[in-house]
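Enquirer: Provided below for reference: sequence and predicted model.
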Amino acid sequence: MNKEKVPDRTVSLETAEPDMASSSSIGYLGYAEYFHNKELQQLESDVQYREKYQKEKGVSHPTLFQGLTIYVNGRTDPTRFELHKLIILHGGTFKHYLSGKTAVTHIIASELNASKKSSFANYKIVGPGWITESIARGKLLPWQDFRIVNVSVLQGKITDFATIRNCMDPNFIHSYFKSSRLHHLSNWKFQLRDQFVQDLLSSRGEISPNQKYVFFHVDFDCFFAQVSAKIDGTYDIHTVPIAISHGINNSDISSCNYVARSFGVHNGMWVSSALKLCPALKILDYEFDEYEAISNLFYQALKSVGIFKMVLPLSIDEAIGCMPVTSDTTQELLTQKCIQVRAAVFDLTQGYSVSIGCASSVLLARLALRKGKPNGFSISWFSTPLERRAFVDQFKLKDLPGIGYSTDQKIQETFGEIHSISALRGLLESPNNVSKLIKAIGSKNAKRLQTYLDGQDDDESISMVKDPASYFQKKSLSVEINYAIRFKTIDDVDTFLERLSLYLWEKLKDSNLLTRQITLKLMKRAQGAPVDPPKFMGMGKCDAISKASTLGSNTQKYGSIASECKTLFRILSVPPAEVRGIGLQFHRLTAATQASGQKLEQRRITTDIFKKANRSDDEVVRRVDEDTTPRTPKSTTYASPVKNYWDRHLKRSVTPFRYDFPDELDPEFMSNLPKDVQEEITSHHSVAKRAKRTLRTELFEEPKKQIKQTQDLHYIHDGRLVPQLSFQGLSSAKQICRTLIDWVDATIDVGPHEKDLELFVNHLNKLADQRRSHIILQLIKTLKNKIDDHYDGNSEGLEQWEYFLIRRLIPVLNKTKSDVNFNLVFDL
DNA sequence: AGATCATAGAAG
DNA sequence: CATCGCTTCTATGATCT
Ligand SMILES: Nc1ccn([C@H]2C[C@H](O)[C@@H](COP(=O)(O)OP(=O)(O)OP(=O)(O)O)O2)c(=O)n1
């Protein structure tokens, strides 16, 4: 699933640092040279280094440390220098930084310090003797024999943590998501669904809608806890209370084992509360790669049993196998099948336990699963409604899907301390209580609950089974980060929004979709909430605010999306420093078709879209003109002048065709404002004005002409710029520069095509992520010089080029500047 | 009255 | 040192047309 593209680093070594490659004619790379580019080339170069060394010295070393990733901390004897060499020569991976605890399998340290934090007991920390002794004996000795307790890992400064702490780091989103369990959970789920839909379509799916099934709801027991405990290998999961989390205090427990649960610990609880209930609780690290690998085997095992017509993916560790009902479907047969399924998973995953709930409806299967857990199964195969109700009655309201904390509370507020399903069933015999319930939890919710009381599936579950392809089809796209978000200025916000837009735009593009509606969602520090919340870098108590914007046409343009987001942020008028979370959503997606080239069309044309698309240009213009008449301001006594201004001019601006701010700022209005406020408005105005312009011009562009341009730049346009750059050796940077020059020359009259801009900015961002700022600088300089050459004319294209340079390229350059310092710190 | 919105809630 | 609080879908009441 982890399909990250890894550029060919062997080649890019020479591209990026030509001097270094040519000067190293002294046999295998010297250590200092090796280090020079360590961050980029490390993995490949370790192998390279070993091969070259062994070839030239005519020796070979046993690969004792194969599969291990080792970090050396602080001063050691032998030196870090020597240890690095020994580790890579013997097949190990050497890590220069502790980037996230999970990546490193072992830490080597010599000096013993008084340990302040027991949490580091979770590391495998060993003395250097482990390396030297293992090599001397020619075999990998057990690390436990060289274990060092009471060592302070952070004796030296480990600066890599800085990325996650500073949301303005160009790598922040990527680096944060790498450790976010919720991101992984959601991402995995999407990928599983996507895979399911693809498989179904390619198998010319004959899912008969009226087929009756037995449902096998299969779920790992405390998934993360089980896997991490096995990887760690220190504790017995059946006797020691274990929980998985990143931290040791106000950190979420994602999963805890059943021993811990017997103390009252549960998933989602903070470690601090859990430790109060269970002081002996052991905290283990996440092992995301392993979760993914085990999950793959799990799904493979379910399919291999061969009794399921479909395996519906619910999540990384949870699926529903659908077995067609036949005349010989009996309790005995189902028992046998449950045992068989559990065995299949156990064998293929080499020892992981799942539990199964088996029943005639999705709901009953889920409840049965609850009964079967842990490490077991339960079958609910009933013939009468009465039996079904009796079975349902033994559960609590919260056990029902769709009844969460809030609904449960509302029911209790309405009927008193009611927890069990049976109690509610009794109450609902009175119609009066039914209407009370509807009032409390809503009509749909109440109706579903009543369906569940009979052990029946609700409409949603039924549609999942009957038409899985459309049920699992994605209908919206979003990204959201509510951790470590701390902005100082509006420029920070703009930069971040550009990165978020880019992130989501890439997903949109990958799925070959267009969006019609963009929503910006903010978490704003709640009134009275502390500036520094209890959780380190957390969001604390917040108000959620969102604002949607319906675009005039379906789009896939990064530029339009990014500027729309900036506009939306200004409409919400939250001070940057109060923002604790930020998210972006695309709604009303339609499929993009390839057929007509760059001019993207929607496959479905609803009557609504049809009408809008056919509105004449005149009408559009008139509407814009009409709406520019200023509205009388509302009496917003406490609003700032800026907010007041935007309230008047943007409040009701839903579609870009109805943006009703003036094209020029009213001088009288401006002159009455303090200077800093004037500046703020001017800055907001230019962004908003730009947003309006790009969206409006989108409709009027001439697609054919633009396509031609992009074809001239085909190698930029195929979306593979980064690898190609690296592959093309020394000449490539020059080649790119020449192409840039041609690009400017060819488009100076009409302006650059948005698609190409996106790709170019995207490429620069990738360079920035790799911290190759000198290349970025060179490219931007070339572009700027060329644009300056054309400064005689006063064309529309020139203006667009300048805008592009200032608003989008210079920011990329600026953000890399801070990285230079980073590199220096690392390269010590 | 029907469309569109902002928001809340649930799930893993 | 801390810590990695996402993403998707549904329902509902308010507001807009
Ligand atoms: N609030 C939560 C709930 C779950 N998870 C993750 C960790 C779990 O291991 C995994 C699966 O969730 P389950 O609800 O299936 O819980 P477990 O598998 O941990 O326990 P069990 O299914 O045995 O109750 O999702 C999480 O990160 N945060």
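Expert: Structure's in. What do you need?
Enquirer: tell me which parts of the stretch 451-600 of chain A are close to DNA strand B?
Expert: A:517, A:519, A:544-548, A:550 (C-beta under 7 Å from any atom of the strand). The way it works is simple: take the backbone N, C-alpha and C, and place the C-beta from them, glycine included.
Enquirer: What residues does the stretch 301-450 of chain A have near DNA strand C?
Expert: Checking the stretch 301-450 of chain A against DNA strand C by C-beta under 7 Å from any atom of the strand, the hits are A:442-445.
Enquirer: Report the contact partners of the nearest residue to A:Leu364 once chain neighbours are set aside.
Expert: Distances taken as C-beta to C-beta, 6 or more residues apart in numbering place A:Ser380 nearest to A:Leu364, at 4.9 Å, with adjacent residues excluded. With contacts taken as C-beta atoms under 8 Å, 6 or more residues apart in numbering, A:Ser380 has the following neighbours: A:357-360, A:364-365, A:367-368, A:388, A:391.
Enquirer: Pretty sure A:Leu201 sits against A:Ala469.
Expert: Yes. Using C-beta atoms under 8 Å as the test, A:Leu201 is close enough to A:Ala469 to be in contact (6.7 Å).
Enquirer: So the two - more neighbours on which side?
Expert: A:Ala469 (13 against 10; other C-beta atoms under 10 Å).
Enquirer: doesn't that one fall inside a helix?
Expert: Yes. Membership of A:Ala469 in a helix is supported by DSSP: H, G, I helix; E, B strand; the rest coil.
Enquirer: Report pLDDT for the closest residue in space to it that isn't next to it in sequence.
Expert: In space, A:Ala469 comes closest to A:Leu200 once its chain neighbours are excluded; the distance is 5.2 Å by C-beta to C-beta, 6+ apart. For A:Leu200, the model assigns a pLDDT of 93.
Enquirer: mind listing what's buried in the helix or strand harbouring A:Leu200?
Expert: For A:Leu200, the host element (DSSP states H and E) is helix A:181-202. Buried residues in helix A:181-202, counted by 16 or more other C-beta atoms under 10 Å: A:181, A:183-189, A:191-193, A:196-197, A:200.
Enquirer: residue contacts, the residue nearest to A:Ala469?
Expert: A:Leu200 neighbours (C-beta under 8 Å, 6+ apart): A:207, A:310, A:468-469.
Enquirer: okay, among those residues, which ones form the most distant pair?
Expert: With distance counted by C-beta to C-beta, no two of the contacts of A:Leu200 lie farther apart than A:Met310 and A:Ala469, which are 10.4 Å apart.
Enquirer: Can you check which residues contact both of those two?
Expert: Joint contacts of A:Met310 and A:Ala469 (C-beta under 8 Å, 6+ apart) are A:200, A:207.
Enquirer: show me what contacts the closest residue to A:Ser422 other than its chain neighbours?
Expert: Spatial nearest neighbour of A:Ser422, excluding adjacent residues (C-beta to C-beta, 6+ apart): A:Asp393 at 4.0 Å. The contact partners of A:Asp393, by C-beta under 8 Å, 6+ apart, come to A:420-422, A:425.
Enquirer: got a pLDDT number for the residue of chain A found nearest DNA strand B?
Expert: Nearest residue of chain A to DNA strand B (C-beta to the nearest atom of the strand) works out as A:Gly404 at 2.4 Å. Looking at A:Gly404, its pLDDT is 98.
Enquirer: and it, how many neighbours?
Expert: Around A:Gly404 there are 10 residues (other C-beta under 10 Å).
Enquirer: roughly how far apart are it and A:Leu551?
Expert: According to C-beta to C-beta, to the nearest Å, A:Gly404 and A:Leu551 sit 34 Å apart.
Enquirer: Repeat that for A:Thr349.
Expert: 46 Å.
Enquirer: One more: A:Phe288?
Expert: A:Phe288 is 35 Å from A:Leu551, by C-beta to C-beta.
Enquirer: ok, now A:Ala243?
Expert: 45 Å.
Enquirer: who has more neighbours, the two?
Expert: Neighbour count, other C-beta under 10 Å: between A:Ala243 and A:Leu551, A:Ala243 has more, with 29 against 23.
Enquirer: how about the residue in the stretch 451-600 of chain A positioned nearest to the ligand, what does it touch?
Expert: Using C-beta to the nearest ligand atom, the single residue of the stretch 451-600 of chain A nearest to the ligand is A:Tyr483, 14.0 Å away. Neighbour list for A:Tyr483: A:176, A:180, A:537-539, A:581 [criterion: C-beta under 8 Å, 6+ apart].
Enquirer: what comes up buried for stretch A:479-491?
Expert: A:479-487, A:490.
Enquirer: try stretch A:291-301
Expert: So, applying 16+ other C-beta under 10 Å, buried residues of stretch A:291-301: A:291-292, A:294-295, A:297-299, A:301.
Enquirer: So which residues make contact with it?
Expert: By C-beta under 8 Å, 6+ apart, stretch A:291-301 touches A:1-2, A:184, A:188, A:192, A:218, A:220, A:223-224, A:227, A:311, A:313, A:316-317, A:319, A:341, A:344-345, A:347-349, A:352, A:354.
Enquirer: Now do the same contact list for whichever residue of the stretch 51-200 of chain A sits closest to the ligand.
Expert: When scored by C-beta to the nearest ligand atom, the stretch 51-200 of chain A has A:Arg181 as its residue closest to the ligand, at 4.3 Å. Each residue near A:Arg181 by C-beta under 8 Å, 6+ apart is listed here: A:224, A:252, A:254, A:286, A:288.
Enquirer: which of the residues you listed tops the neighbour count?
Expert: Busiest of those [other C-beta under 10 Å] is A:Phe224, holding 29 neighbours.
Enquirer: For whichever strand or helix holds it, give me every contacting residue.
Expert: Taking DSSP H and E as the criterion, A:Phe224 maps to helix A:223-232. Residues from elsewhere that reach helix A:223-232 (C-beta under 8 Å, 6+ apart): A:122, A:181, A:220, A:235, A:237, A:242-244, A:254-257, A:260, A:284-287, A:290-291, A:294, A:316-317, A:351-353.
Enquirer: which of those residues are buried?
Expert: Buried, going by 16+ other C-beta under 10 Å: A:122, A:181, A:220, A:235, A:237, A:242-244, A:254-257, A:260, A:284-287, A:291, A:294, A:316-317, A:352-353, out of those.
Enquirer: and chain A, which residues reach the ligand?
Expert: A:181, A:185, A:219-224, A:254-255, A:267-268, A:317-318, A:373-374 (C-beta under 6 Å from any ligand atom).
Enquirer: and if we set it to 5 Å?
Expert: By C-beta under 5 Å from any ligand atom, the residues of chain A that approach the ligand are A:181, A:219, A:221-224, A:254-255, A:267-268, A:317.
Enquirer: what's the following helix or strand after the helix or strand harbouring A:Asn432?
Expert: Per DSSP H and E, A:Asn432 falls inside helix A:431-441. As assigned by DSSP H and E, the chain's next helix or strand after helix A:431-441 is helix A:443-453.
Enquirer: For stretch A:528-543, output the C-alpha coordinates as CSV.
Expert: C-alpha atoms of stretch A:528-543 as CSV (Å, rounded to 0.1, in the frame of the first residue of the first chain):
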residue,chain,number,x,y,z
GLY,A,528,-11.2,31.0,27.6
ALA,A,529,-9.2,27.9,26.5
PRO,A,530,-5.5,28.2,27.4
VAL,A,531,-3.1,29.2,24.7
ASP,A,532,-1.0,26.1,25.5
PRO,A,533,-3.4,23.2,25.8
PRO,A,534,-2.7,20.2,28.1
LYS,A,535,-1.6,18.0,25.2
PHE,A,536,1.8,19.0,23.9
MET,A,537,1.2,20.9,20.6
GLY,A,538,-2.4,19.8,20.7
MET,A,539,-5.4,21.8,19.6
GLY,A,540,-7.1,22.0,23.1
LYS,A,541,-10.7,23.1,23.3
CYS,A,542,-11.8,24.6,20.0
ASP,A,543,-14.7,25.8,18.1
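Enquirer: That'll do, ta.
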